[in-house]
Every structure is written in C-alpha cells, then in structure tokens.
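> Here is a sequence together with a model predicted from it:
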Protein chains: 2
Amino acid sequence: MALRVAVIGMRGIGNTHANVYNEHAAASLVAVCDMVKERADESAQRLGVKVYYSVSSLLENEGLDAVSVATGGFENGGAHFEPTMQALEAGLHVLCEKPLSNDVARAREMVNKAKEKKVCLGTNLNHRFTPLALQAKKWVTNGKLGDLLFINMALWIENPNETSPFFHLRALHPHSLDVMMYFCGEVEKVHAFAMRAPGRQNWSNASINLKFKSGVVGHLSGSYDAGRLNERCEVAGTNGQFVLDGVFEKLTFFPRQGDEIEEYFNPPPGAEGHMDSFADTFSTRIGAWIQQLVDGVSPDEIDASGAAGLAAQEIIEAAIKSFQTDTVVTL
Amino acid sequence: MALRVAVIGMRGIGNTHANVYNEHAAASLVAVCDMVKERADESAQRLGVKVYYSVSSLLENEGLDAVSVATGGFENGGAHFEPTMQALEAGLHVLCEKPLSNDVARAREMVNKAKEKKVCLGTNLNHRFTPLALQAKKWVTNGKLGDLLFINMALWIENPNETSPFFHLRALHPHSLDVMMYFCGEVEKVHAFAMRAPGRQNWSNASINLKFKSGVVGHLSGSYDAGRLNERCEVAGTNGQFVLDGVFEKLTFFPRQGDEIEEYFNPPPGAEGHMDSFADTFSTRIGAWIQQLVDGVSPDEIDASGAAGLAAQEIIEAAIKSFQTDTVVTL
C-alpha cells in the first residue's frame, strides 16, 4: 500500500515536493496544507487532493504516514519548527526543508523529538542526491582516493534578500556543509571570516575554514552576490582527487600517479540518471526518502537525516561565533 | 650599455636565471659563482663566462650592476641571506629566489638593507608574471570586477622532501600568497589549519583563511601531496569574477549579469606571449626585472620586490603561529 503523505507549506518548494509525491508509485499525496487559504486552495485544486488550513486538523483527519514541511519563515527556516514538532508528536515521519530551523536550539529539539517518538526525520539536503555525487561518495568509500587530505567547496547564488545579518549563512550553507560532511565526516573546529558587499546589511560573503575529526582540512567559500549558480567541490586524497562541478554537471577524477583522468557527465536526455535541471534533485532526494520509508529503514539510518541537518547548522552557528569573536570554535 | 650581471648559486634554478640573462639584449652575464667548484665550473663552461667560488671575490672583481641569488639551503631559502646581504652591501641590485629567507627576521634585514643602500631588491615571485595574470590584474585595476568580494587560491605540487615541519608552507606558498596580494592587496588577519599526509613529518597540507585590509575575504589551499601541478585562482567582485587556471593556461571572466563569458588561453606557439612551459615564467619575470633596472625604476616601485617577498613570508609565519596556537593572528 502506498505511503499516505501530505505537504505543509504550499509556496514554490512545497509544490515541488507535492509534485514528486504525486508522480511516485510508492506514495500517495492525499492533502496539502497552508495557513494562507488562497495558496492552499490553488495547490489542492491543481493536484486534485484535499485541502487544509491548519496542521492539527490535517493530522487529525488523514491517517497520514508522513509529511513534508516546506513552510518558510524568518531566514527561510523560522516556520519549520511548529508543524514539524506537531507532526512528529503525532507519530509521523517528517521530511523538513532546510535549514531544519534557523534557531539551532529548536533544531536540536526537533531531532530529539524524532528520537523520542522513534520516527524518521529527514532534511531536504538535496545537493548530495545526484548520480555524480553518489559516484564520488563511492570513490571515497571504496578507497579510490586513498586517505583523505583536504576538501574545498564553493557555493554561490544571487540572492538580494536582506532579512537578517546571517541570512546567507543560515539559508544557503546547510547544503554545502552537508555535502562536505557527506564526503569527509564530522567537523571538529571552525574558523570564519565574512564580508558584506557594498550596500548590503547581510554578511553576503563568507570564507569558512574547517577541520574534520579525521584530520582532513577544508574550506567553504559562499556568497549571495553572484549572477549565476556556482557549486564546486574538490576532495583530495593520497591516491588522487576529484572535482564535482555543479550539482549534477560534471565529475572528474585525477589520479596522483599517471595521466588517466576520468570524466563523468550528466547523462543525455532520456538516459538513466539524466537531470534536466536543479529541480530534478528534489525528485532524487524525495524519491530516496520515500524508498527508505517503504523499506522500513530505521530512523538513525535515514540519509540526510534531521541529525545531518542539525550538524550543518551547528557548524553555521560556530562559524558565526568564530567570525563575531575572532576565535577558532571547537564543536 | 648592457647591465653587467652574475648569478650566485648554480643548481637548476641558478642556471635558469643565467640562461635568461644570457639571451637578453639588455643584460650581459659576466660570471657565475658557486661554492661547489664542480657546479660553478660546469655552468661557467656551458655559458662561456667567468667563474667564482666565493661571493666576495665575485663582487670585488667584476664591477657588476646586479646579481641573482639562487642558492638553496634549509627549507629552500636558508642560504639566501648571506650572499644577498653581501651584494646589497656592495651597492648591487639583487634578484633573490623565493623564499626571500626561511627566517622572517632575516628577510626583514634584507629588505632594510636594500632600503639603506637605496638599491633594488626583487623576489622571484614568477607566478604573477604571465600574460594571463597581467590581463587579470588589469581587470582588477580598471574596475571590470567592480568592488572585490572574495578570492580563492589553490596551489599544489608533488614534493616528498621532509626537511622540516613547515617546509611546504615556507618553500611553496610565497608564490600563492604573492598572487593573492597582487590581486587583493595587503592581508590583515590569518587563520590556518594544517594536516600531515599519513607517514609524513611535514605539514604537507594547509587550509589558510585570509582577511585583507580592504575587507575582502579569501582562502589558500596548499599541498605537497599531489601528482600534478595545480594552480587555480578565482577572484569575485560585485560585477563579476575571473578564474585563472594554471599559471598561464586559461583565464575566464564570468559577468554577474548576462551570459557573455570571456575565455583567454595561452597563445599558440610562435604567437606573442606564448609560453611553452612553466620555465617560461622565469623569462618574463627576469625580463621585467632587467627592464625595470634599465629604466631606472626606483627601489620602492620594483614589481615583486623584496618587500612583496617579505609580506608573503610574514603571512606564512602568521599562518604557522595560528595553526600552532589555534588562534586568529593579526598582522
């Protein structure tokens, strides 16, 4: 029997989640919910599902297995806490948009609540759910790179919003930090410098130095002052290094010895694993979430879990503290 | 009349300097000097110039205008101090290999001595002397990038030598830090993490966070654990960004608005500005040095001066201190 799911928060990203559920054989989208009646109605009509304007009423009436929480709020994460806690309390699995919360104490509560209720909490850290990222991860795991030495990540997009001084760090970098931890494990220490582009209120550029528990060293370069999406991740080990360009565009392996460079690209349209655009990363990420729920994977084995979302956020808060106090922060 | 020049220290790099002087219309290589007789004799014979085994005797007898100091020593810079000080004391202009010295106090003495004697002291920071680096510098200067925001630099090569714990930082990164300062100006604060590849004594990998006096933030990723040369510098501003790949291979400009990416490559063989290999950066760097001496440029306007070499070394020592004490170091 298909999973009974609903989506809470019906702006653009909520509708993207809803579309994925609607097209997935193992899931059945039964309702959508938004406190803004017009937004909820429009989505419900488009998708041909029931409509709710309150989370409690949705949870009481639909016998759901899981929900996606795609509400927005302050710093793009201020409104994730309440609906997520309500759904967890009701014993549902929850896939929450990133950042899990913009308030790290609340994010911790969310992770603890999922543990207490023994349900799955996932974070929509979709950047690591691409065929090329999975390929790169296999190389790390099977030892193709040897012992890991360092990692450099860059992620920037255009975002002129000015909701708060640390909007850029909290709203964008759960993704990049999650990708870094996906390849290199947990982070031990953080140092950050930040700069505002002229005229901005927001610390729209950041340079974050990281030391991983494994000893690996690394860096994240982030910005909201760029006219095009840029994402690049390079990981080097004693036997070679890879560069992942874009979220799904190109993966290159450079062996330390010899000249046999290996290049992998996004497969052509129609071929297995092809991605048309960044929007397809939602399909692969949410598809993996559905499959893990169907397979009955235990809450602590969910990919890109709430704990992973929390780990990224702990680093972001450490980076902010480092930058504000001019110190190195140990996690 | 051609400049009368000599080279002190006749290993590989000393011979490279000598070749450039020998082929340059405005310079006349009159002698070479090395305390190892065999090495000195072999070079003198190959080049058809006089031979000396002691610096004092070279300086007393040849009426020189300038010398290159290409001696090696501990951490590739331990033997630069004495011949450089002797030549400066004798009133000669000196082009010194990098690092100016591996000992920052000695490097300061060298810069002060050149000032006192009112002669030119240059450092062989050859990475910034390529047609593409000059083009990128023009963009920075003429405002094509807008206000600068951040810079990321990567430089790594294979070097298994283990002369000391900080050999990698002191011997390799005068280059990368000089390129970063060439584009973004002086550095205000430094933070560094470092890691040893398994089995190494040397801190063979480093992740260095930088804040420039202008407010620009940036990062240097360095390694001696790689099978191929890698050099990459990206600089972003409010109007766009450039990526300089390799020392002379490719320069790309990405405007913030619009899609008109500009790409520049190493010109084809035979064309003006073509570089056959990394070795050609010595010709352009030493060529610029000769031209500036011929033009009578004042000591404080020499490109890639002793002061520039010292500035890079001050950052390296700050990075070492930061790494050792887990603090942010202000220069």
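Cool, the structure landed.
> so where do the helices sit in the stretch 151-300 of chain A?
Under the criterion DSSP state H, counting those that start in this stretch, the stretch 151-300 of chain A carries helices at the ranges A:167-184, A:280-294.
> How far away from the center of its chain is the longest one?
Here the centre of mass of C-alpha atoms in helix A:167-184, compared against the chain's by CA atoms, centre = their mean, to the nearest Å, lies 8 Å away.
> now swap in stretch A:217-235 and tell me
Stretch A:217-235 has its C-alpha centroid displaced from the chain centroid by 15 Å (CA atoms, centre = their mean).
> and it, which residues are buried?
Using 16 or more other CB atoms under 10 Å in any protein chain shown as the burial criterion, the residues of stretch A:217-235 that qualify are A:217-228, A:230-235. All C-beta spots, glycine's among them, are computed from the backbone N, C-alpha and C.
> So what's the gap between the lengthiest helix in chain A and the chain middle?
Longest helix of chain A, by residue count under DSSP state H: helix A:306-325. Computed by CA atoms, centre = their mean, the separation of helix A:306-325 from the middle of its chain amounts to 14 Å.
> what angle separates it from helix A:167-184?
120 degrees (axes from the mean of the first three to the mean of the last three CA atoms, to 10 degrees).
> What residues of helix A:306-325 count as buried?
A:306-320, A:322-323.
> pretty sure A:K137 is in contact with A:M181, am I right?
No - applying CB atoms under 8 Å as the test, A:K137 and A:M181 come out as separate, 11.4 Å apart.
> who has more neighbours, these two?
For A:K137 and A:M181, the more surrounded residue by other CB atoms under 10 Å in any protein chain shown is A:M181, and the numbers stand at 20 against 15.
> Just give the closest residue to that one, not the sequence neighbours.
Computed as CB to CB, 6 or more residues apart in numbering or on different chains, the closest residue to A:M181 that is not its neighbour in sequence is A:A311, at 6.2 Å.
> where does that neighbour land on pLDDT?
The predicted local confidence for A:A311 comes out at a pLDDT of 98.
> show me the contacts for it.
For A:A311, the contacting residues are A:177-178, A:181, A:186-187, by CB atoms under 8 Å, 6 or more residues apart in numbering or on different chains.
> could you redo the last one with a cut-off of 10 Å?
Neighbour list for A:A311: A:100, A:107, A:111, A:123, A:174, A:177-178, A:181, A:186-187, A:305, A:331 [criterion: CB atoms under 10 Å, 6 or more residues apart in numbering or on different chains].
> cool, A:M275 as well?
With contact set as CB under 10 Å, 6+ apart, A:M275 has these partners: A:130-132, A:246-249, A:266-267, A:269, A:281, A:283-284.
> What subset of those is buried?
If we count by 16+ other CB under 10 Å, the contacts of A:M275 have these buried: A:130-132, A:246-248, A:266, A:281, A:283-284.
> Which residues are in contact with each of A:K137 and A:M181?
Taking CB under 10 Å, 6+ apart as the contact criterion, the residues that touch both A:K137 and A:M181 are A:R128.
> that older thread, nearest to B:M195, out of the helices of the stretch 151-300 of chain A?
Judged by CB to CB, the one of the helices of the stretch 151-300 of chain A that comes nearest to B:M195 is helix A:167-184, at 11.4 Å.
> May I ask which helix or strand of chain A has the lowest mean pLDDT?
Among the secondary structure pieces of chain A, namely its helices and strands, strand A:225-237 has the lowest mean (mean pLDDT, DSSP states H and E), a mean of 91.
> Okay, now the sheet partners of it, with direction.
Strand A:225-237 has the following sheet partners, assigned by DSSP bridges: strand A:148-158 (antiparallel), strand A:240-245 (antiparallel).
> could I get those as CSV with mean pLDDT, mean neighbour count and distance to B:V30?
What follows is the strands paired with strand A:225-237, written out as CSV (pLDDT from 0 to 100; neighbours: other CB atoms under 10 Å in any protein chain shown; distance: least, CB to CB, whole Å):
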stretch, mean pLDDT, mean neighbour count, distance to B:V30
strand A:148-158, 97, 23, 46
strand A:240-245, 96, 22, 46
